[in-house]
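K.L.:
Using only what follows, build the 3D model:
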Amino acid sequence: MKKEIRGKRIILREQREEDAPFFAHWFSQPRVMFQCGFEKPVDEEQMKTCIAVDHQSENSVWFTITDLDGNTIGETGLLRMFFPWRQTDLTIIIPDPETQRKGYGTEAVHIMLDMAFHEYKMHRVSIGVVGLNTDALAFYKKIGFKQEGVLEEAYYYNNAYSDFIKKRQDRLERSVLPFHV
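P.N.:
As a prediction, the model looks like this:
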């Protein structure tokens, strides 16, 4: 895995233990927990373990997203990479509303898709989105993900059910949407 990928507006770098306070804070906020499907708040020690152990799997790659000044703004990764079928899942979280809608997420997703399709030779990349997270659904549609299915009432949070929407982008669709860093 590359230690750092520099884009026009962001840097994707390897995750570090010192990222834990940022993620522990934001991943414990009710809005973020709802949008991402987190079941309970996390503390810094849990995040350190996640970074050091969980995110070091041979079938995943994880990055901390920073701005060009090195300020942490989120994380992204490819997980559940299943090489025999050439498919993987994408994850991206930019939790602070102050750093959303600035193009960071779009650039990060394009970098990750390029990595998935070119470096890892994947055929398709999937993402799951909570149906009530309408901002995320609009974002993925805007950058070329197609809806492929709905798991009705498959998501439960705060005593209420929501649909879980599966979206995908495949290698052929990606060739129509070029993006170069």
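K.L.:
Just the helices from the protein, written as ranges.
P.N.:
Taking DSSP state H to define them, one finds helices in the chain at 20-26, 30-36, 44-52, 104-114, 134-142, 171-176.
K.L.:
To Tyr156, which of those helices lies closest?
P.N.:
helix 30-36 (10.9 Å; Cβ to Cβ). Backbone N, C-alpha and C define where each C-beta goes, glycine included.
K.L.:
before we move on, back to that, now render the helices of the chain as a markdown table, adding mean neighbour count, mean pLDDT and distance to Ile127.
P.N.:
Below are the helices of the chain laid out as a markdown table (neighbours: other Cβ atoms under 10 Å; pLDDT from 0 to 100; distance: least, Cβ to Cβ, whole Å):
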| stretch | mean neighbour count | mean pLDDT | distance to Ile127 |
| --- | --- | --- | --- |
| helix 20-26 | 19 | 90 | 19 |
| helix 30-36 | 16 | 81 | 12 |
| helix 44-52 | 17 | 85 | 20 |
| helix 104-114 | 21 | 95 | 9 |
| helix 134-142 | 14 | 91 | 6 |
| helix 171-176 | 13 | 58 | 13 |
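K.L.:
Kindly reformat the ones you listed as a markdown table containing distance to Gly74.
P.N.:
As requested, these are exported to a markdown table (distance: least, Cβ to Cβ, whole Å):
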| stretch | distance to Gly74 |
| --- | --- |
| helix 20-26 | 8 |
| helix 30-36 | 10 |
| helix 44-52 | 13 |
| helix 104-114 | 7 |
| helix 134-142 | 13 |
| helix 171-176 | 22 |
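K.L.:
what sits against the nearest residue to Arg86 once chain neighbours are set aside?
P.N.:
What sits nearest to Arg86 in space, not counting adjacent residues and going by Cβ to Cβ, 6 or more residues apart in numbering, is His123, at 4.0 Å. By Cβ atoms under 8 Å, 6 or more residues apart in numbering, His123 lies in contact with Trp85, Arg86, Gln87, Asp170, Arg171.
K.L.:
Quick one, which of those residues are buried?
P.N.:
Arg86, Gln87, Asp170, Arg171 (16 or more other Cβ atoms under 10 Å).
K.L.:
Pull out the buried residues from stretch 35-44.
P.N.:
Here stretch 35-44 shows Gln35, Cys36, Phe38, Val42 as buried, counting by 16+ other Cβ under 10 Å.
K.L.:
Just the endpoints, please. Distance across it?
P.N.:
This stretch, stretch 35-44, spans 20 Å end to end (Cα to Cα, to the nearest Å).
K.L.:
Ile94 is in contact with Gly105, correct?
P.N.:
Yes - with contact defined as Cβ atoms under 8 Å, Gly105 and Ile94 form a contacting pair (5.2 Å).
K.L.:
I appreciate the help and will end here.
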